[in-house]
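**Student:** Turn this into a structure:
(chains A and B)
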Protein chains: 2
Amino acid sequence: MANSKKHKSALSEKEGVLQTDITDGLAISKIKTKRKLQPSVEELVSGILSQDISSLSRAITLIESTNANHTKKANDIIKRCLPHTNKSIRVGITGVPGVGKSTFIEVFGKYLTSIGKKVAVLAVDPSSSITKGSILGDKTRMEDLVKDKHAYIRPSASGESLGGVARKTRETIILCEAAGFDTILIETVGVGQSETAVHSMVDFFLLLKLAGAGDELQGIKRGIIEMADAIVINKADGDNIKRAKIAKVEFNRALHLYPEKDSAWQPKVSICSALYNEGVSDIWEMIMSYYDMTSKNKYFEFKRNEQNKYWLLQTINERLKSDFFNQPTIKKELEKQLQLIENNKTTPFVAADYLLNL
Amino acid sequence: MANSKKHKSALSEKEGVLQTDITDGLAISKIKTKRKLQPSVEELVSGILSQDISSLSRAITLIESTNANHTKKANDIIKRCLPHTNKSIRVGITGVPGVGKSTFIEVFGKYLTSIGKKVAVLAVDPSSSITKGSILGDKTRMEDLVKDKHAYIRPSASGESLGGVARKTRETIILCEAAGFDTILIETVGVGQSETAVHSMVDFFLLLKLAGAGDELQGIKRGIIEMADAIVINKADGDNIKRAKIAKVEFNRALHLYPEKDSAWQPKVSICSALYNEGVSDIWEMIMSYYDMTSKNKYFEFKRNEQNKYWLLQTINERLKSDFFNQPTIKKELEKQLQLIENNKTTPFVAADYLLNL
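**Tutor:** Model (predicted):
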């Protein structure tokens, strides 16, 4: 631990002069000042596998770095950690701001560590680049969970596109699992495309809703209700209890209008009060019954495989698109073609053929 | 008309020896046998604009052809027809087999021609390549509408991918509108991705449901309810009326759980009996009130522009993907990488980088 701490301060103080190519043990022991600068891939991997939090954090920092050498190291680390993952459950948690996500995650996380789980809390929140990291704010609000030795909270990488954040989060999951975290909570804000990204990296997707918000139209993006494996109505306390129960009936009815999921799981509606720590253990039991059911019917493993394929194809498609549309000629001609389409001078298909043949 | 009929039989009998480069009027009048073979772009365009159905049909056949010369001619025709479109309303109609789509479209179409509309019925149904054209079946079931001079029914192009059918249908819409059809009904079967395609080419999206089907879980694909501007509960007759009314209340309640649409239109639920011609005019009034509202708030025009952009980008993206994944090396290496991912030897992201750098 003392050693790791040294690494950490060295990293933050001297990141500008890091020499990333020194991985040879002999060279490191001879040049003591450089030894401090950055641990080798081997050291980080063995640190992660022995559940050292500093090694985990430093490796995640490499994942988040835009430096090509760091990326190479990060890829090496991930590759070596891969055989030690997959022994976990990944839970996505979404809901609009104000629904009480931080309080819920804190209380839920504390409950999980109290029953012997090791909990990592991550986030997919591209907007954090604007708000300077909303989860960072969460971290100060999750005071108890931050102090919990069996919990690890990592803010979202900032200054990134959704694709970038999603990739880094997927890779961070691997490292957390290799470091012994068996329950991964991934938070996202229910207002954009990030739900689809999170849905594609978790085993169970939980939508938090407010009790007593009137008509239940709380700005949740279309399609999110359809993704949910559970709707949890939060703040079911005090005057809200009755309204929460009514909302539960309404949502149950609405969920029954949807066809059966591929998992054969019928989404559940649950009420809870994170503030008063009520209904929290029920949610975990529900997730466990999902886990049992989908492990038996093999959907659990099937879904993880499908998610891997999805991210492979998704990454390729995104790169093909960005390579094409970032060409200066295409940028200029695309504008022209869009104008022609708007003026009824060409069709989208003829315009597409034209741009592809440039 | 007689002339056009000659063209039609010549086309079907002698398609193998068509000479598509003869567009010169003089040459055509001199070589009478060749004159029969295929009318020029000019002739077809002027035929379409003077609402000649044979010209319209022949031009659509060119759109559907896989012959490069035909495609070139088709693109020319479409380009010249473009300034004459957009004076229409395009309505998508979906629902699972058995919901009564053919009967509904026949009765709805007859009602529309009775109030002075000119109605074209198209389809997006990639499965027709297997069933040898399900709409062709529909056509024989829509006996009255087929005979109606103010209606035009065109089966889906068969033997095509969804992307191919969608493109051809979009282009066919343009020609139909140029030929004076002001109400375009586009049918699709509610069991696959074709709904998204149809949703992206219509102004108004109508979902047909069955009354009295019990729990309302009728195999409709997730997300389709969210696309609907209206849910019409069909077969609300005889013993079904009560159940249809209950279903109406249920769906209305469910629709209120969704957030407001970009159009600001609140989706409506309506009941009808196509068989007994009841409730059909109400549906048209509903569509007209949608038209009025979205014309005033400019959403109507905005959506058509967005759809054009969507099809431009969609066409480019599909081509980029198919060009990449159809390379023999990529095909082989993709399989290998997928295997490595499944065995926890690499991540989707590293595999994607590898494939892109091949």
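
**Student:** Specify the local secondary structure of A:S270.
**Tutor:** strand (DSSP: H, G, I helix; E, B strand; the rest coil).

**Student:** pLDDT score for it?
**Tutor:** pLDDT for A:S270: 94.

**Student:** Is chain B within reach of the helix or strand hosting A:L207?
**Tutor:** Per DSSP states H and E: A:L207 is located in strand A:204-210. No: remark: strand A:204-210 sits outside contact range of chain B, by Cβ under 8 Å from any Cβ of the partner chain, the gap being at least 10.2 Å. Every C-beta, even on glycine, is put in place using the N, C-alpha and C of the backbone.

**Student:** Neighbouring strands of that strand in the sheet, and parallel or not?
**Tutor:** Here strand A:204-210 is paired, per DSSP bridges, with strand A:89-95 (parallel), strand A:230-234 (parallel).

**Student:** got a list of contacts for the longest one?
**Tutor:** Strand A:89-95 has contacts (Cβ atoms under 8 Å, 6 or more residues apart in numbering or on different chains) with A:101, A:104-105, A:173, A:182-190, A:195, A:198-199, A:201-209, A:220, A:224, A:234, A:287, A:291.

**Student:** what about chain A, any weak spots by pLDDT?
**Tutor:** A:1-37, A:86, A:126-141, A:157-160, A:190-192, A:212-222 (pLDDT under 70).

**Student:** what do you get if the cut-off is 80, keeping everything else the same?
**Tutor:** A:1-37, A:86, A:96-98, A:125-141, A:155-163, A:189-194, A:211-226, A:254-259 (pLDDT under 80).

**Student:** Show me how it divides into domains.
**Tutor:** According to automatic domain parsing, chain A comprises the domains A:2-82, A:85-297, A:306-356.

**Student:** related to what we said a few turns ago, would you list the strands paired with strand A:204-210 in a markdown table and tack on mean neighbour count?
**Tutor:** Converted to a markdown table, those look like this (neighbours: other Cβ atoms under 10 Å in any protein chain shown):
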| stretch | mean neighbour count |
| --- | --- |
| strand A:89-95 | 24 |
| strand A:230-234 | 25 |
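
**Student:** In a markdown table: the ones you listed, plus distance to A:S50.
**Tutor:** Converted to a markdown table, the strands paired with strand A:204-210 look like this (distance: least, Cβ to Cβ, whole Å):
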| stretch | distance to A:S50 |
| --- | --- |
| strand A:89-95 | 23 |
| strand A:230-234 | 35 |
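
**Student:** these two touch, right, A:E64 and A:E171?
**Tutor:** No: under the criterion of Cβ atoms under 8 Å, A:E64 makes no contact with A:E171, lying 9.3 Å away.

**Student:** So between the two, which is more surrounded?
**Tutor:** Applying other Cβ atoms under 10 Å in any protein chain shown to A:E64 and A:E171 shows that A:E171 carries more neighbours, namely 24 against 21.

**Student:** A:D125: how many residues sit nearby?
**Tutor:** 27.

**Student:** if you skip the residues just before and after it, what's nearest to it?
**Tutor:** A:S156 (4.4 Å; Cβ to Cβ, 6 or more residues apart in numbering or on different chains).

**Student:** now A:I184
**Tutor:** A:R90 is the one closest to A:I184 (Cβ to Cβ, 6+ apart), at 4.5 Å.
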